[in-house]
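Undergrad: Predicted model and sequence follow; I will ask about them next.
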Amino acid sequence: MFSSERRGKTLTAIIMIAPFLTAYLVVFAYPVYKMFALSFTDAPLIGVGQWVGFGNYVKLFGQKLFYTSVWNTGYFVLLTVIPNTLIGLGLALMVVRLKGWLQSLILVLFFIPYILPVSVVTQIWQWVLDQQFGIAQYIIEFFTGKRISVFRDPVWAMPMVALVTVWWTNGFNLLLFIAGLRNIPQDYYEAAMLDGATRLQCFRRITWPLIWPVTALVLTLQLILQLKIFDQVYLMTEGGPFNSTYVLLQLVYREAFRLNHGGVGSAVAVMLFLIIVVVSVLQYQLLRVRGR
């Protein structure tokens, strides 16, 4: 009886996990295996190739464009991950104080950009930042004394892409922080206020320690997402001017889809995959240690 019941539970468990396991193997595991396998061949984008070992990686490390794309990707991450997280937390601390329909309205307004397609987002900001009639040019002119074609300027291009990205994705961070703040019992704040604690002290001693797990999650998610930057750069600058916004996924696109070098493109994708895994794991572990 025991063995029959155990076999029944095992069969049920297999049936339950089979759809997920099948989807995981087909959608993730097999493509990752093929990516690694192709990176050691001279295969075109479609078709088979000859084994070249580490030849694609040697070729890759000999390209100046590869180092440029790594640097630009890291620069973009610095411009977006921490600012996006801090802005989301700051907005959440303000929005959580609102009540009823007003809070719901503000949340909707902040979340609307997140559900917009990237093509719509980039088109909006190309109008806003247009050198001739963009309304943001009044602000730029006030601080610099002149109008600037920001997406054609090597200094301005990447910060502007980062600004658009923060505006576009911050609504998701805001919702995560709102959920975390709502889980903090109000009794803690009431007891602290009775003891004479200020709002700053409440934030430092109550809010910040208890919201830290959510902050670590947001930082890790943002790091992974921003390392995969492609759409905004491709639509706004196409990697220019002078490769100042050329990122790793754009190098994958160039090698694989434009030059038909499937092996080299896979090698770039493998390098990006390893960077994401190593950096995100290190960051998450550091954040866990900091949380403790």
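TA: Received, thanks.

Undergrad: mind checking how far Leu181 is from Ile87?
TA: Computed as CB to CB, to the nearest Å, the Leu181 to Ile87 distance reads 15 Å. C-beta here means a position set from N, CA and C on the backbone, and glycine is covered the same way.

Undergrad: Give me the more crowded residue out of the two.
TA: Just comparing Leu181 and Ile87: by other CB atoms under 10 Å the higher neighbour count belongs to Leu181, 18 against 15.

Undergrad: Surely that one touches Leu91?
TA: No. In terms of CB atoms under 8 Å, Leu181 does not count as a neighbour of Leu91; the distance is 11.0 Å.

Undergrad: all strands for the protein, in order.
TA: Taking DSSP state E as the criterion, the chain carries no strands.

Undergrad: That one: helices as residue ranges?
TA: Using DSSP state H, the helices of the chain run over 2-24, 30-38, 55-61, 64-95, 100-115, 118-128, 136-144, 157-182, 186-194, 199-202, 208-227, 231-236, 248-253, 262-291.

Undergrad: Between those helices, which one is closest to Gly47.
TA: Taking CB to CB as the criterion, Gly47 comes closest to helix 262-291 out of those, the separation being 7.8 Å.

Undergrad: Check which helices and strands that closest one is in contact with.
TA: Contacting helix 262-291 under the criterion 3 or more CB pairs under 8 Å, 6 or more residues apart in numbering; DSSP states H and E are the following elements: helix 30-38, helix 55-61, helix 208-227, helix 248-253.

Undergrad: Return the most buried member of the ones you listed.
TA: The highest mean neighbour count among the helices and strands packed on helix 262-291 belongs to helix 248-253 (a mean of 22), with neighbours defined as mean count of other CB atoms under 10 Å.

Undergrad: ok, residues contacting that one?
TA: Outside of helix 248-253, the residues within contact range by CB atoms under 8 Å, 6 or more residues apart in numbering are 65-66, 69-70, 73, 227-230, 233-234, 239, 265, 268-269, 271-272, 275.

Undergrad: Was I right to think Tyr246 contacts Phe230?
TA: No. In this structure, Tyr246 sits apart from Phe230 without contact. The criterion is CB under 8 Å, and the distance is 10.9 Å.

Undergrad: Which pLDDT value goes with the most centrally placed residue in the chain?
TA: In the chain, the C-alpha closest to the average C-alpha coordinate belongs to Leu225, at a distance of 2.0 Å (CA atoms, centre = their mean). At Leu225, the predicted lDDT confidence score is 90.

Undergrad: how about the nearest residue to it, chain neighbours excluded?
TA: Nearest non-adjacent residue to Leu225, counting by CB to CB, 6 or more residues apart in numbering: Thr169, 7.3 Å away.

Undergrad: Mind putting the helices of the chain into a markdown table with distance to Gly47?
TA: Compiled in a markdown table, those are given as follows (distance: least, CB to CB, whole Å):
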| stretch | distance to Gly47 |
| --- | --- |
| helix 2-24 | 27 |
| helix 30-38 | 10 |
| helix 55-61 | 16 |
| helix 64-95 | 24 |
| helix 100-115 | 39 |
| helix 118-128 | 31 |
| helix 136-144 | 47 |
| helix 157-182 | 35 |
| helix 186-194 | 63 |
| helix 199-202 | 63 |
| helix 208-227 | 29 |
| helix 231-236 | 25 |
| helix 248-253 | 18 |
| helix 262-291 | 8 |
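
Undergrad: re the thing from before, please say which of Tyr246 and Phe230 ends up with more neighbours.
TA: The residue with more neighbours, out of Tyr246 and Phe230, is Tyr246; 22 against 14, by other CB under 10 Å.
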